[in-house]
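Participant: sequence and predicted structure are below.
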Amino acid sequence: MGLDEIKTRLAKEAELILQPRLLQQWSVRHHGAVLPAIDRVTARPPLIIFAGDVGTGKTTLAETFADAIARRHRIGVRVKRLSLRTRGSGAVGEMTRLIGTAFDVLIDQARAAAGRRPVVLIIDEADALAQSREAAQMHHEDRAGVNALIRGISQVATERLPVLVIMCTNRADALDPAIRRRAAAEFDFARPNDEQRAAVLTAVFDGVGLTEREITDLVALTGPNGRGYGYTYSDLVDRVLASACLAAYPDRPLTAELIAQQIEAHPPTRPFTERR
Ligand SMILES: Nc1ncnc2c1ncn2[C@@H]1O[C@H](COP(=O)(O)OP(=O)(O)OP(=O)(O)O)[C@@H](O)[C@H]1O
Ligand SMILES: [Mg+2]
């Protein structure tokens, strides 16, 4: 919810990275030839960065957006996932091996499918790359993980394989500048504003019969309220919703008052930067 603008832009970017011939066809249709500019656009590294606050839908969107592309073009898109923070122990060598192996598998599959089955690789918690460099003592090992990633992405770009890499991070600033610079696009995810929280609350409490006035009050309760940050999407969709249902169950119905109590009992997640 609330990600329509990002979704529209992402769909275009992803579609053109995974199916570059679509851009060529567009050029022929409107200019009578494949413009030289097309080559530049399709030669960009197949990397998109999802950056932003916790619980704002980065991982979820990365895991699901390919479905729409697959349906529209009636193709099979494979989605693979690499989580650096959960699988790497923090050793730089291990990070390099993980990334290297992931790209080997990916490139083999993309070659074998001869362009017919695009692959999306999600590198979740990508800031672990930067963290490992902060912790690393040895000079030449510092950049190993980053280099492995750049190498993999460059290889995909050179061979023009239908592979798209999505990096998700809470700390775009901590990503290596060389990686950020290479990204075809960077999307910023933020906490929901008033309007977006109203939409989320209306959707998740659909059927409860909340009045507009009650929604407005809940929107205010879940806003920054002097804290400097309001509720995240996941705070609302997962925590507030579940705790309200559990509080009502088994004897009471859901009401605006009960939801408000649960909101007050569950403050919003602190922004990532403040946790450090
Ligand atoms: N835009 C959204 N609309 C609806 N639900 C959302 C949205 N964003 C997040 N959620 C809910 O929050 C949960 C967590 O979202 P997700 O893991 O995608 O966030 P994230 O941005 O990857 O967070 P983190 O930075 O902590 O990894 C989702 O499973 C979903 O229930
Ligand atoms: Mg995530």
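Facilitator: That came in fine, so what should we check first? Ligands and ions are numbered 1, 2, ... in the order given.
Participant: could you point out the longest helix of the chain?
Facilitator: helix 92-112 (DSSP state H).
Participant: run the chain-centre distance for it.
Facilitator: 20 Å (Cα atoms, centre = their mean, to the nearest Å).
Participant: give the burial count for T64, as a bare number.
Facilitator: 12 (other Cβ atoms under 10 Å). The way it works is simple: take the backbone N, C-alpha and C, and place the C-beta from them, glycine included.
Participant: swap in the one 5 residues further on?
Facilitator: Look at I69: counted by other Cβ under 10 Å, it has 19 neighbours.
Participant: just to be sure, it is in a helix?
Facilitator: Yes: counting by DSSP: H, G, I helix; E, B strand; the rest coil, I69 is part of a helix.
Participant: contacting residues for it?
Facilitator: Contact analysis of I69 by Cβ atoms under 8 Å, 6 or more residues apart in numbering lists 11, 14-15, 18, 75, 77, 118.
Participant: before we move on, what about N147?
Facilitator: Per Cβ under 8 Å, 6+ apart, neighbours of N147: T96.
Participant: isn't S234 up against T59?
Facilitator: No: counting by Cβ atoms under 8 Å, S234 does not reach T59; the two are 10.0 Å apart.
Participant: which secondary element of the chain has the worst mean pLDDT?
Facilitator: helix 272-275 (a mean of 58; mean pLDDT, DSSP states H and E).
Participant: what is the burial count for the residue in the chain positioned nearest to ligand 2?
Facilitator: When scored by Cβ to the ion, the chain has T59 as its residue closest to ligand 2, at 3.2 Å. A total of 18 residues lie near T59 under the criterion other Cβ under 10 Å.
Participant: what parts of the stretch 1-150 of the chain come near ligand 2?
Facilitator: 58-59 (Cβ under 5 Å from the ion).
Participant: shaky segments in the stretch 1-150 of the chain?
Facilitator: 86-92, 115, 131-142 (pLDDT under 70).
Participant: can you pull out the strands in it?
Facilitator: 47-52, 78-83, 119-124 (DSSP state E, counting those that start in this stretch).
Participant: out of these, which gets nearest to Q262?
Facilitator: strand 47-52 (25.4 Å; Cβ to Cβ).
Participant: helices or strands up against that closest one?
Facilitator: helix 4-18, helix 58-64, strand 163-169, helix 177-182, strand 185-189 (3 or more Cβ pairs under 8 Å, 6 or more residues apart in numbering; DSSP states H and E).
Participant: winner for burial among those?
Facilitator: Highest mean neighbour count of these: strand 163-169, a mean of 27 (counted as mean count of other Cβ atoms under 10 Å).
Participant: now the angle from that one to helix 4-18?
Facilitator: 140 degrees (axes from the mean of the first three to the mean of the last three Cα atoms, to 10 degrees).
Participant: quick one: strands adjacent to strand 163-169?
Facilitator: Here strand 163-169 has these sheet partners by DSSP bridges: strand 47-52 (parallel), strand 119-124 (parallel).
Participant: and these as CSV, adding mean neighbour count?
Facilitator: Formatted as CSV, these follow (neighbours: other Cβ atoms under 10 Å):
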stretch, mean neighbour count
strand 47-52, 24
strand 119-124, 24
